[in-house]
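Trainee: coords please:
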Amino acid sequence: MATTHAAMGALLAVPLTAVAPELAPAAALGGLAGGYLPDMDLIPPMEHRKTLHFPEYYSAAALALGAFALLRPSMLSVGVAFVALAAAVHSLTDAFGGGLGARPWANDDQRGVYFHYGRRWIRPRRWIRYDGSPEDLVAVVLLSAPGLLLLEGFAREALLFGVAVSVLYTLVRKQLPKIEERFV
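Mentor: The predicted model follows:
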């Protein structure tokens with residue numbers, strides 16, 4: 001669920017509310033954006049969890065951009081660093097979910113996330129069985145809670161919206177393949 005990744009991205013920014021509160025909004029917005037960014041590869045003709053998922057390269061970019069933001073802290077440098085950090089965490093954590101099949105609860109697909117440098121797929125670990133599973137909903141609620149308590153403005157509203165979308169998605173997730181077969 002992209003909302004889980006966005007909540008995780010915003011969560012990465014929460015510590016800044018204590019140490020650099022003036023930079024926390026930029027970090028939170030960057031984390032939200034970076035949490036969503038890899039899943040833009042759901043748009044055809046891209047290949048999901050491959051085209052925009054770069055576990056190794058986003059991680060390297062996050063280190064470099066994070067170092068730059070530490071040396072030259074600004075809303076822009078911190079925001080961009082958190083985009084890269086959240087995109088890296090998103091790409092890495094996709095391997096902990098289910099596979100890419102239309103019915104991932106069936107465990108019929110062994111593609112978790114593509115490792116570009118190694119030119120191979122990392123198998124799904126299925127700690128969260130599939131996107132939209134009940135445990136995915138619990139994850140988005142738990143990951144959103146600190147941000148809902150400590151962040152303000154758009155970041156907080158985006159987290160609330162994400163939790164609401166996640167509840168609805170969880171309610172209909174197992175019906176989506178049937179709906180797609182009927183109408184597409």
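
Trainee: got a list of contacts for the worst-scoring helix or strand of the chain on mean pLDDT?
Mentor: When the helices and strands of the chain are scored by mean pLDDT, DSSP states H and E, helix 176-183 comes last with a mean of 91. Identification of contacts with helix 176-183 by C-beta atoms under 8 Å, 6 or more residues apart in numbering yields A102, R103. Every C-beta, even on glycine, is put in place using the N, C-alpha and C of the backbone.

Trainee: CA atoms only: put it into CSV for me.
Mentor: Taking Å, rounded to 0.1, in the frame of the first residue of the first chain, the C-alpha atoms of helix 176-183 are listed here in CSV:
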residue,chain,number,x,y,z
LEU,A,176,-10.4,-5.9,-6.9
PRO,A,177,-9.3,-8.8,-9.1
LYS,A,178,-12.9,-9.8,-9.6
ILE,A,179,-13.9,-6.3,-10.5
GLU,A,180,-11.0,-6.0,-12.9
GLU,A,181,-11.9,-9.2,-14.6
ARG,A,182,-15.5,-8.1,-15.0
PHE,A,183,-14.9,-4.5,-16.3
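
Trainee: Buried ones in it, by neighbour count?
Mentor: Within helix 176-183, no residue is scored as buried using 16 or more other C-beta atoms under 10 Å.

Trainee: Same question for stretch 143-150.
Mentor: For stretch 143-150, a neighbour-count test (16+ other C-beta under 10 Å) marks L143, S144, P146, G147, L148, L150 as buried.

Trainee: what's near enough to touch A10?
Mentor: A28, G31, L32, G35, L143, S144, G147, L151, A155, A158, L159.

Trainee: The fifth one and P44, how far apart?
Mentor: Counting by C-beta to C-beta, to the nearest Å, the gap from L143 to P44 is 29 Å.

Trainee: same deal with V141?
Mentor: Between V141 and P44 the distance is 31 Å, computed by C-beta to C-beta.

Trainee: So for those two, which sits in the more crowded spot?
Mentor: Neighbours were counted for V141 and for P44 using other C-beta atoms under 10 Å; V141 has more, 16 against 7.

Trainee: and that one, that one's in a strand?
Mentor: No - the assignment for V141 (DSSP: H, G, I helix; E, B strand; the rest coil) gives helix, which keeps it out of a strand.

Trainee: isn't it right next to A164, touching?
Mentor: No - the pair V141 / A164 is not scored as a contact, 11.0 Å apart, by C-beta atoms under 8 Å.

Trainee: Secondary structure element for W121, which one?
Mentor: Using DSSP states H and E, W121 maps to strand 120-122.

Trainee: quick one: strands adjacent to that strand?
Mentor: When pairs are called by DSSP bridges, strand 120-122 turns out to pair with strand 113-115 (antiparallel).

Trainee: With that, I have no additional questions.
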